[in-house]
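Enquirer: give me the fold of what follows.
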Amino acid sequence: MKFWRHQEQARSATARLLWCFALAVLVLVAAVHGGLVLAWLGLSWVLGGNLPFPAGFAAVNIGMTLFLVLGGWWVETDQLRAGGLRLARRIGAREVRPDRSLAEQTFANVVQELCIAAHMAVPQAMVLPRTDAINAFAAGWDEDDAIIAVTQGALDHLSREELQGMVAHELSHLHEGDTRLKMQLAGMVYGLELVYQLGESMCERGGAMWWFGSAIKGAGFAGWLAGRWLKAAVSRQREYLADARAVQWTRSKDGLGGVLRKVMGQRQAAGYDPRRGQYALDHHAVQHMLLVDVQGSSRWAERLATHPALADRVRRIYGRAMPPMGLGREPR
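Expert: All right, here's what the predicted structure looks like:
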């Protein structure tokens with residue numbers, strides 16, 4: 001894997017998408033104002049007159065839209081700033097106990113070793129004890145409350161080299177500020193959704209409000225959908241970047257590559273129950289932070305997925321398609 005080239009490509013793509021996100025907000029503001037202008041002209045035509053636009057019509061429209069988008073972004077981001085440790089505990093994770101098992105001791109050691117190599121502060125290592133699926137996530141607004149959590153399935157089925165690849169991937173998210181970026185984008189999407197909700201509430205009132213509500217609702221839905229798509233596209237690029245960084249830090253394609261191939265094998269194994277295996281992983285606050293997406297999660301379309309396809313990630317790591325792996329592991 002040419003990890004330097006892949007990292008540069010992911011960073012460039014992220015920058016372009018963030019500019020597109022800013023552009024989408026501006027287009028939404030213009031669309032809401034344009035829709036309200038058309039609604040006013042339509043209402044004027046229905047009433048058979050030539051109603052003049054109220055004073056400050058454009059200023060109110062633009063100010064209202066920006067207030068909803070930026071206000072919603074601020075409120076949602078503030079709620080998500082609860083802290084990585086608190087979030088992890090909310091979904092049932094606990095602190096790692098090195099004296100409890102060799103697997104947890106190995107996990108704690110791997111986190112410390114890779115943080116030393118990456119010149120990073122050591123995050124709190126945590127375990128999701130009742131989750132059989134191989135997965136992990138990193139959370140935290142900054143290094144003071146950063147955590148890395150892995151599932152019991154990861155501890156049961158991954159070798160030390162694979163654990164290194166998994167932890168290196170999650171450390172990359174913390175190193176690059178991805179957890180903070182994803183929370184901010186989630187807040188912005190919520191702000192875009194508020195515009196749609198305002199239009200919907202106005203439509204419910206009927207009468208003249210229906211004209212203006214329909215204009216706001218249509219523009220708000222288009223803006224929200226564009227925001228969802230851009231947020232998902234940014235998230236996929238950050239996953240590619242973290243994959244490349246994991247290969248760079250571990251100098252091993254078989255570390256993270258083995259993890260992803262075992263996830264593929266686990267999901268294809270006979271008798272695997274995704275509902276039991278993915279216990280706690282379907283929580284909305286952590287879905288976009290996971291190493292791999294939750295199997296069977298509802299998505300409008302593949303382009304709204306926050307994670308690239310497993311086969312695509314494996315192909316990027318190895319430079320060719322690779323088959324799934326069984327869940328056996330070498331003794332630690």
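
Enquirer: I figured Leu158 was touching Ile134, is that so?
Expert: Yes: using Cβ atoms under 8 Å, Leu158 is in contact with Ile134, at 6.8 Å. For every residue, glycine as well, the C-beta is placed using N, CA and C.

Enquirer: for this structure, what spans make up the helices?
Expert: 3-46, 57-80, 84-90, 102-118, 152-157, 160-175, 178-205, 208-250, 253-268, 274-277, 310-318 (DSSP state H).

Enquirer: what residue ranges in the stretch 151-300 of the chain score low on pLDDT?
Expert: 270-277, 295-300 (pLDDT under 70).

Enquirer: if we can go back for a sec, which residues do Leu158 and Ile134 both contact?
Expert: By Cβ atoms under 8 Å, 6 or more residues apart in numbering, Leu158 and Ile134 have these common neighbours: 259, 262.

Enquirer: wait, what's in contact with Glu161?
Expert: Going by Cβ under 8 Å, 6+ apart, Glu161 touches 250, 252, 254-255, 258.

Enquirer: just the helices of the chain: most buried one?
Expert: The highest mean neighbour count among these, using mean count of other Cβ atoms under 10 Å, belongs to helix 160-175: a mean of 25.

Enquirer: relative to helix 208-250, how tilted is that one?
Expert: Per axes from the mean of the first three to the mean of the last three Cα atoms, to 10 degrees, the angle that helix 160-175 makes with helix 208-250 is 130 degrees.

Enquirer: tell me who's in contact with the residue nearest the centre of the chain.
Expert: Most central in the chain under Cα atoms, centre = their mean is His288, positioned 3.0 Å from the mean C-alpha point. His288 is in contact with 182, 186, 235, 306, counting by Cβ under 8 Å, 6+ apart.

Enquirer: what is the neighbour count of the closest residue to Val150 other than its chain neighbours?
Expert: Take Val150 and drop its neighbours on the chain: the residue closest to it by Cβ to Cβ, 6 or more residues apart in numbering is Ala136, 4.4 Å away. Counted with other Cβ atoms under 10 Å, the neighbours of Ala136 add up to 26.

Enquirer: what about Ala136, distance to Ser172?
Expert: With the distance defined as Cβ to Cβ, to the nearest Å, Ala136 ends up 12 Å from Ser172.

Enquirer: do Asp78 as well
Expert: The gap separating Asp78 from Ser172 is 26 Å, by Cβ to Cβ.

Enquirer: the residue nearest to Val150 contacts Met166, correct?
Expert: Yes: between Ala136 and Met166 there is a contact at 5.3 Å, judged by Cβ under 8 Å.

Enquirer: which residues are in contact with both of the two?
Expert: Shared contacts of Ala136 and Met166 (Cβ under 8 Å, 6+ apart): 150, 154, 291.

Enquirer: what's near enough to touch the nearest residue to the last one once chain neighbours are set aside?
Expert: In this structure, Leu291 finds its nearest non-sequential neighbour in Ala136, 4.6 Å apart by Cβ to Cβ, 6+ apart. When contacts are counted by Cβ under 8 Å, 6+ apart, Ala136 touches 148-151, 154, 166-167, 169-170, 290-291.

Enquirer: of the residues you listed, closest to Leu225?
Expert: For the contacts of Ala136, the minimum distance to Leu225 (Cβ to Cβ) is 23.0 Å, reached by Leu290.

Enquirer: spatially nearest residue to that closest one, not counting backbone neighbours?
Expert: Of all residues not flanking Leu290 in the chain, Phe137 sits nearest, at 4.9 Å (Cβ to Cβ, 6+ apart).

Enquirer: residues touching the one you found, list them.
Expert: Under the criterion of Cβ under 8 Å, 6+ apart, the contact list for Phe137 reads 148-149, 170, 286, 289-291.

Enquirer: show the backbone phi and psi for the spatially closest residue to Arg261 that is not a sequence neighbour.
Expert: In space, and not counting its chain neighbours, Arg261 is closest to Met325: 4.1 Å by Cβ to Cβ, 6+ apart. Backbone geometry at Met325, expressed as degrees, to the nearest 10, gives phi -120, psi 150.

Enquirer: check Leu158 too.
Expert: phi -100, psi 140.

Enquirer: distance check, it against Gly34.
Expert: Distance, Leu158 to Gly34, by Cβ to Cβ: 54 Å.

Enquirer: redo the helices of the chain as a markdown table? Include distance to Asp142.
Expert: Formatted as a markdown table, the helices of the chain follow (distance: least, Cβ to Cβ, whole Å):
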| stretch | distance to Asp142 |
| --- | --- |
| helix 3-46 | 20 |
| helix 57-80 | 13 |
| helix 84-90 | 9 |
| helix 102-118 | 15 |
| helix 152-157 | 25 |
| helix 160-175 | 9 |
| helix 178-205 | 7 |
| helix 208-250 | 17 |
| helix 253-268 | 25 |
| helix 274-277 | 32 |
| helix 310-318 | 27 |
